[in-house]
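In: I'd like to go over a predicted model; first the sequence, then the structure.
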Amino acid sequence: MDHKKVRVRFAPSPTGGLHLGGVRTVLFNYLFAKQHKGDFVLRIEDTDQTRYVPGAEEYINECLRWCGLTPDESPAAGGPYAPYRQSERKALYRQYAEQLVQSGHAYYAFDTPEELEGMRERLKTPENPSPQYNHVVRQKMRNSLTLPDAEVQELLAKNTPHVIRINMPANEELIFTDMVRGEVTFNTNQVDDKVLLKADGMPTYHLAVVVDDYLMKITHAFRGEEWLPSAPVHLLLWKYLGWEADMPQWAHLPLILKPDGNGKLSKRDGDRLGFPVYAMNWTDPRSNEFTKGFRELGFLPEAFINMLVMLGWNDGTEQEIFSLEELIRKFSIERVHKAGAKFDFEKAKWFNHQYLVRKDNESLAALFQPVLAEKGITADPAYVATVAGLVKERCHVINEIWDHGFFFFQTPLSYDEASVKPKWNADKEAFFTAWSEQLASLSSFTAPELEASFKALAAEKNIKMGELQLPFRIMLTSGKFGPPVFDIAATLGIEETKARIAKGLEAFK
RNA sequence: GCCGCGUUGGUCAAGGGGUUAAGACGCCUCCCUUUCACGGAGGAAUCACGGGUUCGAUUCCCGUACGUGGUACCA
């Protein structure tokens, strides 16, 4: 093989939020590059000016930063092959398209959008619902293959709007080796004369991807499986441009599918099924449509990444939890699955839970502070860390720390009285009144101390612990949930504990 | 329609001519815990179908079915 430095790229178009599948493509690119001590470049494919969405590029940068998958070269960071935004490379592409026209591998086409539409309408039949501009149809269209030379020259001279199309050969078998699928075969009859250069002078994806991959010395091209059908166009372009020897190795990654079948996972499915599809919150600046993201839902980036990598890849062992460093070491494109994977949000939450439990309390507290701030609550970092430590094993996402620990930040307003009242009596009331009184005499307000004195008094008054613990819990938390009661009391502190006992006693009467 | 790609429990998946066909998520039962979780022990559940090849196919080949992607001056 060769000894070229590995260079890969992620080439999104800035049209909106970054999809799960996009992040996974980034991840595979990144892991492969880092494993081979290569470069990972971010290239923005903004050749469709009508679809450009302001803010989308910044959003992509921020997603990558959050995930810890920072590109070595990008529009923001620059690099030896700048610019990395295709709109800024516009002037570059035309010469290559013209070169292809010269060599007979491409031609000018003057058909207007209306004429194309008309052709499709005319040729459409039940057997052929989408007629292509192919080697037979092009004979009847207005292009430099059918028009007299003089007319072509005149049209060009008059700046008549035109595109440049690839001249797909008839009936050629194209074979290439895909890193995940092995040998893949196509017949050129099945692919149409794709537009290479649009009327506005911008290249289409097809031209831009090969020109830029060549110019940027990309060695391995990973992209979603949806690109497989247009691979023959790209293969031919590499060949016709005379760059065959430098063509990257292709890897078409399996898609991430809807959990309930039928198609690629889309952000619509997330809304419909109640889970995020985008990495981070995204608001479309034009429609103001809001789509929630994994980050804001309370996912940890390392868990998000781990969950994504397992969708289509495994190392052959039973291990499921991997750090980024470990993934860089162990990842192999050969072990990537060929088939698409249905997204399972339950499993995604399980991954996050694994990371939540392992994470230190201080970090969790820091991540949880914004959630508290949103509720107008200010709390001491050390206190929040204690709470996080107490409730984390029952949370799937950061935000759930609130669901399982809200009572650490606010006194219960109402109680699960149905679980207390039926068995409530004067003896129990007396117990709590007495115990509350003696709290001040404890040598330390800690869980073991509290439990010891609680037990002692219960024994003295001849009441079973179980009969007492539940009411106590409900006084403190309002319901049947939460960490061990004495841990809660110890965390709350003596004043708050006494206050809650008093308040509970009132409510249970 | 045509073309490409795919198909191991509900989901993610290991395996790959002879196996009791791993493991994880989820689900169910029990234990732990007089809360909820964590944890532990069990359980139900899988090789799409039909032909070959073979002494033997989940595994190799061919069909079929199904799924999925593409079929734009979108990426």
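Out: Sure, I can see it. Being a predicted model, the structure only gives us computed values, none of them experimental.

In: Sticking with the residue in the stretch 401-509 of chain A that RNA strand B sits nearest to, tell me its helix or strand.
Out: The nearest approach of the stretch 401-509 of chain A to RNA strand B comes at A:Gly466, 1.7 Å away (CB to the nearest atom of the strand). C-beta: built from backbone N, CA, C; applies to glycine. Here A:Gly466 sits within helix A:465-477, counting by DSSP states H and E.

In: got a list of contacts for the helix or strand just after that helix?
Out: Downstream of helix A:465-477, the next assigned helix or strand under DSSP H and E is helix A:485-492. The list of residues contacting helix A:485-492 from outside it, by CB atoms under 8 Å, 6 or more residues apart in numbering, reads A:383, A:386-387, A:390, A:407-408, A:445-448, A:450-451, A:454, A:469, A:472-473, A:476-477, A:482, A:497, A:500.

In: And these, which of them are buried?
Out: Burial by neighbour count, judged by 16 or more other CB atoms under 10 Å, picks out A:386-387, A:390, A:407-408, A:445, A:447, A:450-451, A:454, A:469, A:472-473, A:476-477, A:482, A:497, A:500 from the contacts of helix A:485-492.

In: quick revisit: contacts for the helix holding A:Gly466?
Out: Residues from elsewhere that reach helix A:465-477 (CB under 8 Å, 6+ apart): A:407, A:412, A:415-416, A:419-420, A:423-424, A:428, A:431-432, A:454-455, A:458, A:480, A:482, A:485, A:488-489, A:492, A:497, A:500-501, A:503-505, A:508.

In: May I see the domains of chain A written out as residue ranges?
Out: The record's domain parsing of chain A by automatic domain parsing lists A:7-84+A:255-345, A:87-253, A:359-408, A:417-508.

In: can you give me the strands for the stretch 101-250 of chain A?
Out: Along the stretch 101-250 of chain A, counting by DSSP state E, counting those that start in this stretch, strands occupy A:106-109, A:163-166, A:173-178, A:182-187, A:195-197, A:220-224, A:249-253.

In: possible to save the ones you listed as CSV with mean pLDDT?
Out: Formatted as CSV, these follow (pLDDT from 0 to 100):
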stretch, mean pLDDT
strand A:106-109, 98
strand A:163-166, 98
strand A:173-178, 93
strand A:182-187, 93
strand A:195-197, 98
strand A:220-224, 97
strand A:249-253, 96
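
In: With distance to A:Phe331 and mean neighbour count as new columns, can those strands be given to me in CSV?
Out: Listed next are the strands of the stretch 101-250 of chain A as CSV, based on distance: least, CB to CB, whole Å; neighbours: other CB atoms under 10 Å:
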stretch, distance to A:Phe331, mean neighbour count
strand A:106-109, 38, 24
strand A:163-166, 35, 25
strand A:173-178, 17, 14
strand A:182-187, 19, 12
strand A:195-197, 34, 25
strand A:220-224, 12, 21
strand A:249-253, 12, 21
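
In: In JSON lines: the ones you listed, plus distance to A:Gly298.
Out: Listed next are the strands of the stretch 101-250 of chain A as JSON lines, based on distance: least, CB to CB, whole Å:
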{"stretch": "strand A:106-109", "distance to A:Gly298": "51"}
{"stretch": "strand A:163-166", "distance to A:Gly298": "48"}
{"stretch": "strand A:173-178", "distance to A:Gly298": "37"}
{"stretch": "strand A:182-187", "distance to A:Gly298": "40"}
{"stretch": "strand A:195-197", "distance to A:Gly298": "44"}
{"stretch": "strand A:220-224", "distance to A:Gly298": "27"}
{"stretch": "strand A:249-253", "distance to A:Gly298": "27"}
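
In: how far is the helix holding A:Gly466 from where the chain is centred?
Out: 43 Å (CA atoms, centre = their mean, to the nearest Å).

In: what do you get for stretch A:473-491?
Out: Mean C-alpha position of stretch A:473-491 versus that of the full chain (CA atoms, centre = their mean) differs by 37 Å.

In: Equivalent analysis for stretch A:402-418, please.
Out: Offset of stretch A:402-418 from its chain centre (CA atoms, centre = their mean): 34 Å.

In: Return the set of buried residues in that stretch.
Out: Buried residues in stretch A:402-418, counted by 16+ other CB under 10 Å: A:402, A:404-408, A:412, A:415-416.

In: likewise stretch A:126-137?
Out: For stretch A:126-137, a neighbour-count test (16+ other CB under 10 Å) marks A:131-135 as buried.

In: That one and RNA strand B, any residue contact?
Out: Yes. Using CB under 7 Å from any atom of the strand, stretch A:126-137 reaches RNA strand B at A:126-133.

In: Contacts made by that stretch with the rest, please.
Out: A:109, A:116, A:119-120, A:123-124, A:141, A:165, A:168-170, A:189, A:191-193.

In: let's see 10 Å
Out: With CB atoms under 10 Å, 6 or more residues apart in numbering as the test, stretch A:126-137 has contacts from A:109, A:111, A:116, A:119-125, A:138, A:141, A:143, A:145, A:165, A:167-171, A:188-195.

In: mean confidence score for it?
Out: The average pLDDT for stretch A:126-137 rounds to 93.

In: Quote the end-to-end distance of that stretch.
Out: End-to-end distance for stretch A:126-137: 18 Å, by CA to CA, to the nearest Å.

In: nearest to A:Thr283, of the strands of the stretch 101-250 of chain A?
Out: Proximity to A:Thr283, assessed across the strands of the stretch 101-250 of chain A by CB to CB, is greatest for strand A:220-224 (24.8 Å).

In: Among the contacts of stretch A:126-137, which lie within helices?
Out: A:116, A:119-123 (DSSP state H).

In: Distance to A:Ile60 and neighbour count added to those residues, as JSON lines?
Out: Output for the ones in helices among the contacts of stretch A:126-137, formatted as JSON lines (distance: CB to CB, whole Å; neighbours: other CB atoms under 10 Å):
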{"residue": "A:Leu116", "distance to A:Ile60": "32", "neighbour count": "16"}
{"residue": "A:Met119", "distance to A:Ile60": "37", "neighbour count": "17"}
{"residue": "A:Arg120", "distance to A:Ile60": "34", "neighbour count": "15"}
{"residue": "A:Glu121", "distance to A:Ile60": "38", "neighbour count": "9"}
{"residue": "A:Arg122", "distance to A:Ile60": "41", "neighbour count": "10"}
{"residue": "A:Leu123", "distance to A:Ile60": "39", "neighbour count": "14"}
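
In: How confident was the prediction at A:Lys423?
Out: pLDDT, A:Lys423: 89.

In: Would you reformat the strands of the stretch 101-250 of chain A as CSV and include distance to RNA strand B?
Out: Listed next are the strands of the stretch 101-250 of chain A as CSV, based on distance: least, CB to the nearest atom of the strand, whole Å:
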stretch, distance to RNA strand B
strand A:106-109, 7
strand A:163-166, 5
strand A:173-178, 8
strand A:182-187, 4
strand A:195-197, 3
strand A:220-224, 8
strand A:249-253, 7
